[in-house]
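# Here is my input; please provide its structure:
(2 chains)
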Amino acid sequence: RKEVEQDPGPFNVPEGATVAFNCTYSNSASQSFFWYRQDCRKEPKLLMSVYSSGNEDGRFTAQLNRASQYISLLIRDSKLSDSATYLCAMRIDRGSTLGRLYFGRGTQLTVWP
Amino acid sequence: ETGVTQSPTHLIKTRGQQVTLRCSSQSGHNTVSWYQQALGQGPQFIFQYYREEENGRGNFPPRFSGLQFPNYSSELNVNALELDDSALYLCASSSITGSGNTIYFGEGSWLTVV
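Okay, the predicted model is just below:
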């Protein structure tokens, strides 16, 4: 079983739509959670960290549910420039896995005008 | 700009050949990790180097090897290349201080094996 499961999509939404992505993780020892954005043929770039209390950055809201072992990303008022692949990632910050990121396979989002 | 640089950006190799990819980490970062990202997949952890020693390894065969130098730069070497090794290879640098440290990715090296 993969450490992180993510629906690959693709998601095709009109401008202005609200879209949500979810990831589930299998290791309850996971401590840190992230959402990355990856543009075509580019490296992943950190979009936001995910905290237990939930956090918001403009149109983006990230949530963590430790009891159900999933994280989510909500994008409100989608823009054309939001078109990209969104990767969830988690990290277990101890022992031999210190600093290692486990990624989902990514969800492709296309926002159309 | 993350301050992490990788070279080369693109290369084509023949099956059976060997390849070396290079990474210069961000100033002050003592840890370098390498990831392989195949088309349509998320990055997969290959291994991590801390203070010039391998410090954790993912599910990759021994023909994937690495080095870290005193200046914290790093190399990824892949021997006996296979077609499935075609992927984006990402270098990530960080400073191991426990949870909360940020990981920065380089722009990656695109390897095509034919």
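# wait, isn't residue B:76 in contact with residue B:87?
No. Between residue B:76 and residue B:87 there is no contact under CB atoms under 8 Å: 11.4 Å. Any C-beta I mention is one placed from the backbone N, CA and C, and that applies to glycine too.
# Which of those two has more residues huddled nearby?
Neighbours per residue (other CB atoms under 10 Å in any protein chain shown) separate residue B:76 from residue B:87, with residue B:76 holding more: 26 against 20.
# Now for residue A:76: which residues touch it?
A:18, A:59, A:60, A:61 (CB atoms under 8 Å, 6 or more residues apart in numbering or on different chains).
# Skipping adjacent residues, who's closest to the residue positioned nearest the centre of chain B in space?
For chain B, the residue nearest the mean C-alpha position is residue B:34 (2.9 Å; CA atoms, centre = their mean). Closest residue to residue B:34 apart from its sequence neighbours, by CB to CB, 6 or more residues apart in numbering or on different chains: residue B:46 at 4.3 Å.
# Which residue comes closest to the residue of chain B found nearest chain A once chain neighbours are left out?
Closest contact between chain B and chain A, by CB to the nearest CB, is at residue B:42 (3.3 Å). Nearest residue to residue B:42 in three dimensions, chain neighbours excluded: residue A:103, at 3.3 Å (CB to CB, 6+ apart).
# Quick check: the gap between that neighbour and residue B:66.
19 Å (CB to CB, to the nearest Å).
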